[in-house]
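Chemist: mind looking at a prediction? Sequence and model below.
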Amino acid sequence: MRLVTSSVLGVACVCALGALGLMSWSLFDPRPLPVIAAMSIGQVLGTFSFALFLWLVARDLRPLRPTRSERTDARDERVE
């Protein structure tokens, strides 16, 4: 099943905004709990969103493979 690019990009954006929120919380409330949450959960969310984005870019840049019928047509044209 091929994932839809816009939905994966939406998940990446939500994760990035969640990470940004945790990082901002730790800046405005520098107690131990917000700082630990930003350094652990925020880091995981930010890294996950970046990995999803890189995966989408790599998937979009990868050349499309021809379908079986296109390969058969190209082979038939070479034979003639």
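Modeler: Arrived safely, thanks for sending.

Chemist: name the nearest residue to Gln43, ignoring sequence neighbours.
Modeler: Excluding its sequence neighbours, the residue lying closest to Gln43 (Cβ to Cβ, 6 or more residues apart in numbering) is Ala19, at 7.4 Å. For glycine as for every other residue, the C-beta is placed from the backbone atoms N, C-alpha and C.

Chemist: one more: Ala37?
Modeler: Leu22 (5.5 Å).

Chemist: surely that neighbour touches Val44?
Modeler: No - the criterion here is Cβ atoms under 8 Å, and Leu22 misses it with Val44 at 9.8 Å.

Chemist: what is whichever strand or helix holds the residue nearest to Gln43 packed up against?
Modeler: Using DSSP states H and E, Ala19 sits within helix 5-28. Where contact means 3 or more Cβ pairs under 8 Å, 6 or more residues apart in numbering; DSSP states H and E, helix 5-28 is packed against helix 32-37, helix 43-61.
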